[in-house]
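[1] Model the following, please.
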Amino acid sequence: MKTVLITGANKSIGFETARQLLKLGYFVYIGSRDLQKGEQAAEQLKEEGYDQVEAISIDVDNLDSIKAARQFLGSKIESLDVLINNAGISGGFPQTAGEADISIFRQVFETNFFGAIETTQAFLDLLKNSEVPRIVNVTSGLGSLTLHSDPNWKYYHVKGACYTASKAALNAYTIVLAYELRETAFKVNVVDPGYTATDFNHHSGPGTVEDAAVRLVKAATLPGDGPTGQFFSDDNVPETGISPW
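    Residues are numbered from 1 along each chain as shown. Below is the predicted model:
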């Protein structure tokens, strides 16, 4: 049975992604900063008939928590097939480049960038033990420097200095990681789930968590000849599904 760890999976897109992967037969580890909320999410899925699910405490802002989660998971499994770095924060809007407090930049980067890196590095050894390792970093169309420079882009005027920079940085990290693992079975990609109605944006987005999760699941289950080092975005570039960086 294939295994997957999803950070920030106790609600919204992460939770729906867990549900969809359970339907595909994966054993899902619900990563949650608040273990009680993670356990509640796992219990809800069990009530829906999915038994192969367990909550795991992991706060991506805390390296000790990440290491503890790695130790806990390592006591249960010898290999991890999929890591989905889904946990993220916006930092609140508006965020102007000239006035946003540097503390907000640091807070957003701690979760969206450094947290994803530390989690990836912590679980990389378990992923290397898998025959079909997949890493999915959840990004945003707002992380595309090319689109942000295009006045004709539909979200051109949606600028968030802290959030945008953190996702652009995550994209850059993903490119380098995919390159380093290019001669292996790894598939390392970033996925834009689209402008989805969640607590993250006060449910202002037009997309559904179901559609967003489909995009993450697609990247998590890529075949052996699938792409790596790509920026998937059905929302921004529906013609190809591949976003410019």
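[2] Does anything pack onto the longest helix seen in the chain? Which helices or strands?
    Assignment by DSSP state H gives helix 161-180 as the longest helix of the chain. Packing partners of helix 161-180 (3 or more C-beta pairs under 8 Å, 6 or more residues apart in numbering; DSSP states H and E): helix 102-109, helix 115-128, strand 134-138, strand 187-191. Quick note: C-beta positions are derived from backbone N, CA and C, even for glycine.
[3] out of the ones you listed, which comes closest to L73?
    helix 115-128 (6.8 Å; C-beta to C-beta).
[4] ok, back up a step: so how far is the longest helix of the chain off the chain centroid?
    The chain centroid and the centroid of helix 161-180 are separated by 12 Å under C-alpha atoms, centre = their mean, to the nearest Å.
[5] I'd like to know how far the residue most central in space within the chain sits from G25.
    Centre of the chain computed as the mean C-alpha position; nearest residue by C-alpha atoms, centre = their mean is N86, 2.7 Å away. As judged by C-beta to C-beta, to the nearest Å, N86 and G25 stand 20 Å apart.
[6] quick one: low-confidence parts of the protein?
    197-206 (pLDDT under 70).
[7] Helices of that one, residue ranges please.
    Going by DSSP H, the chain shows helices at 12-23, 35-47, 63-74, 102-109, 115-128, 145-148, 161-180, 209-220.
[8] could you say what helices and strands the fifth one packs with?
    What that stands for is helix 115-128. Counting by 3+ C-beta pairs under 8 Å, 6+ apart, helix 115-128 packs on helix 63-74, strand 82-85, strand 134-138, helix 161-180.
[9] Need the contact partners of the second one.
    Right, the one you point to is strand 82-85. Applying C-beta atoms under 8 Å, 6 or more residues apart in numbering, the contact partners of strand 82-85 are 2-7, 9, 14, 17, 21, 26, 60, 115-116, 119-120, 123, 127, 133-138, 216, 220-221.
[10] ok, it: who's next to it in the sheet?
    Neighbouring strands of strand 82-85 in its sheet, by DSSP bridges, are strand 3-6 (parallel), strand 134-138 (parallel).
[11] Tell me which of the ones you listed sits nearest to I175.
    strand 134-138 (10.4 Å).
[12] can you give me the angle the closest one makes with strand 187-191?
    Counting by axes from the mean of the first three to the mean of the last three C-alpha atoms, to 10 degrees, strand 134-138 lies at 20 degrees to strand 187-191.
[13] how distant is strand 134-138 from the center of its chain?
    So, by C-alpha atoms, centre = their mean, the centroid of strand 134-138 is 6 Å from its chain's centroid.
[14] Number of residues surrounding V158?
    15 (other C-beta atoms under 10 Å).
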